[in-house]
Structure formats: C-alpha cells, structure tokens
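Visitor: dropping a prediction and its sequence here:
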Amino acid sequence: MHCVGWPRRRKVLFMKSISISIFRNFGILCGVIFCAAAQAGADPAPAAVAAYNAYCGRVESRIARQHQALGGFLAPLPDAPHSEARLRRGEFIVENLGAAESDALPGALLHHWRGSAFAPGAKAADFERLMRNFNAYPKIYAPQVLQARVLTQQGDHMQAKMRVRQRHVLTVVMDTTYEIAFGRLDLQRGYSIARSTQISEIDAPGTSHERALNGGEEHGFLWRQNTYWSYEERDGGLYMQIESISLTRSIPTGLGWAVRPFVESVPRESLEFTLRSTCDALRR
C-alpha cells in the first residue's frame, strides 16, 4: 500500500496546535498546583525564614571579603581563562549557586543565582547614577517594573518601593519594598545591597478592585529577595555582577517533575532580563 504523507503546511499547523495545547495544559497545571497549595496558608515557616537569613548572612560576609581582596573584587567565574573574553563578546554568564540549599528549607525553596556581564565604554559613575535613578526604572526595566519611587533617602542609604510584574506561565504582580545601601571602594569599583522588607501579591492590579492579598491568600511566588551588585571599571568598559537570593513556596510532593523546570526558570530569566536591560541603558 502506498502511504501518502501530509502536506507540509498541514503538518506544521498540526504540530503547532499540539505545542499550544501542551503549553496551555502546563499553565493550567501550574496554576492549579500553586492555588491549591495556597489553601494551606502562604506564610513561610519561621525555620525557613531563619535559614534564609543565615544563608544571606554567609553570602554577604563572602562578598565583603571578596571586595577587600587584591585583584578579586568580582567573584571568580567558571572557566576563568576564557570567561572574561566571553563577556567582552557580549555574552552573559549565569550560574545557579543555590541548588544544594533549595530543598533543605521546610516548606520553602531558596534560589541563589549570579549573573555577570560587560558593558563596553561604560563607567562606574554611569552605573551608579543609573542604579540610584529609581524614577527611570519603569522605562529601563519595562515591562517587569511597572512603578518605582524612593520613599526615604539619607546619604548612601535609601528605602524604595517598586511594583513588579512577572509573566511566565502565570502573570503575577507584586509590590516590593527594599532597604538599599550603596558603597564604593574607589572611583572604579562599587557595589550595592538591596534587602526586601515587604513583598505583597496584588490582586486585580490596575482595577477598582485592586488590593494586596493577606498572608493566608498569597500563593508564595516570592516571600523574600535580596540583590547584590558588584561592578568594576576596566578593559575599556564595566564588568558587572548581580547575585539574587530569593525565597519561595516549595513544590508539592510528587509534582517536582512538572513544576520544578518552571520554578527554576523564573529567577534565571529574570536575572538575564535585568542584565540585558542594564547593558542597554548604559549604552544609551
């Protein structure tokens, strides 16, 4: 019997419809999982918060030592002989540093990622001005940052608030408040530390029904987040490193195969977006 294959166009449309169906079903699955998990109460356990704070303390101590080391202001990169050349070619180097800690917290996941980039022609002073200009964040980091403003400021310390939106399988809008400190070693090297003090998930954002969900209603997409920037001007441009440590709800038992790839992709993609947007802003 002679078997006639499908016309190419029909085959492409068929495969596309399968892909869309799989994506939609995965989105529904993730939504059901997180919404069902929220019924058990969304506040992180005190033990998880304590472990997160202790982990951040160790990272901050390491970064402080790193900033004082001769020739080691930035963290060493994998494949060191070639990594800086990759950065100068416009690549980003993104590392998952918290994999060993991610399953050790009760009812929570710890995510620790570091991203490195190089902005040719940029100066350390340019970067510091950009980081301090919170009013421009909705333009620089659109569409993730919707609103940003400084609440208080005293010298190199400030309190700032941002409304952020994350779009992956689900769309989540959160109001986040941070305590931020800026520092510099000299004219070529500087850093900043941002620690979250409040994160609220927003229901029906931008409508007359908008409200912040209370602890029992939130889904635990983001409980805590600290961000650490280090930057060094040399080689005709600016090397930048950002480390992000966040705390989120854990994955329900038995569903890691379905949800873990999605959950772990969020901090990585957010880090890459931040690096790309920062480099674009420095070029402008």
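Guide: Okay, I see it.
Visitor: which parts of stretch 131-140 are buried?
Guide: Buried residues in stretch 131-140, counting neighbours by 16 or more other C-beta atoms under 10 Å, are found at 131-132, 134, 137-138, 140. From N, CA and C alone the C-beta is placed, and that goes for glycine too.
Visitor: just the residues contacting that stretch, thanks.
Guide: Stretch 131-140 has contacts (C-beta atoms under 8 Å, 6 or more residues apart in numbering) with 130, 145-150, 158, 160, 162, 182, 192, 229, 277-278, 280-281.
Visitor: where strands are concerned, which of the residues you listed count?
Guide: Secondary structure from DSSP state E places 145-150, 158, 160, 162, 182, 192, 229 of those in strands.
Visitor: got phi/psi on the residue nearest to Ala51 when sequence neighbours are not counted?
Guide: Distance criterion C-beta to C-beta, 6 or more residues apart in numbering; nearest residue to Ala51, sequence neighbours excluded, is Leu105 at 5.1 Å. Dihedral angles of Leu105 (phi, psi; degrees, to the nearest 10) stand at phi -100, psi 140.
Visitor: any idea how far Pro46 is from Leu105?
Guide: Noted for Leu105: a distance of 11 Å to Pro46, by C-beta to C-beta, to the nearest Å.
Visitor: what of Gln166?
Guide: Separation of Gln166 from Pro46 (C-beta to C-beta): 26 Å.
Visitor: more neighbours, those two?
Guide: Using other C-beta atoms under 10 Å as the criterion, Gln166 and Pro46 rank with Gln166 on top: 16 against 9.
Visitor: can you pull out the helices in the chain?
Guide: Secondary structure of the chain (DSSP state H): helices located at 8-38, 46-68, 80-88, 124-132, 137-140, 256-283.
Visitor: returning to what we had before: could I get the buried residues of stretch 131-140 as a markdown table with pLDDT and distance to Ile245?
Guide: Formatted as a markdown table, those follow (pLDDT from 0 to 100; distance: C-beta to C-beta, whole Å):
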| residue | pLDDT | distance to Ile245 |
| --- | --- | --- |
| Met131 | 97 | 18 |
| Arg132 | 96 | 22 |
| Phe134 | 94 | 21 |
| Tyr137 | 97 | 20 |
| Pro138 | 97 | 24 |
| Ile140 | 97 | 22 |
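Visitor: from those residues, which is closest to Arg58?
Guide: When these are ranked by distance to Arg58 (C-beta to C-beta), Met131 comes first, at 24.3 Å.
Visitor: lowest-confidence helix or strand of this protein?
Guide: Between all helices and strands in the chain, the lowest mean by mean pLDDT, DSSP states H and E belongs to helix 8-38, at a mean of 45.
Visitor: follow-up on the earlier one: let me have the buried residues of stretch 131-140 in JSON lines, extended by distance to Ser250.
Guide: Shown next, in JSON lines, are these (distance: C-beta to C-beta, whole Å):
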{"residue": "Met131", "distance to Ser250": "32"}
{"residue": "Arg132", "distance to Ser250": "36"}
{"residue": "Phe134", "distance to Ser250": "32"}
{"residue": "Tyr137", "distance to Ser250": "30"}
{"residue": "Pro138", "distance to Ser250": "32"}
{"residue": "Ile140", "distance to Ser250": "33"}
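Visitor: of those residues, closest to Val172?
Guide: Using C-beta to C-beta, Pro138 is the member of the buried residues of stretch 131-140 that sits closest to Val172, with 17.2 Å.
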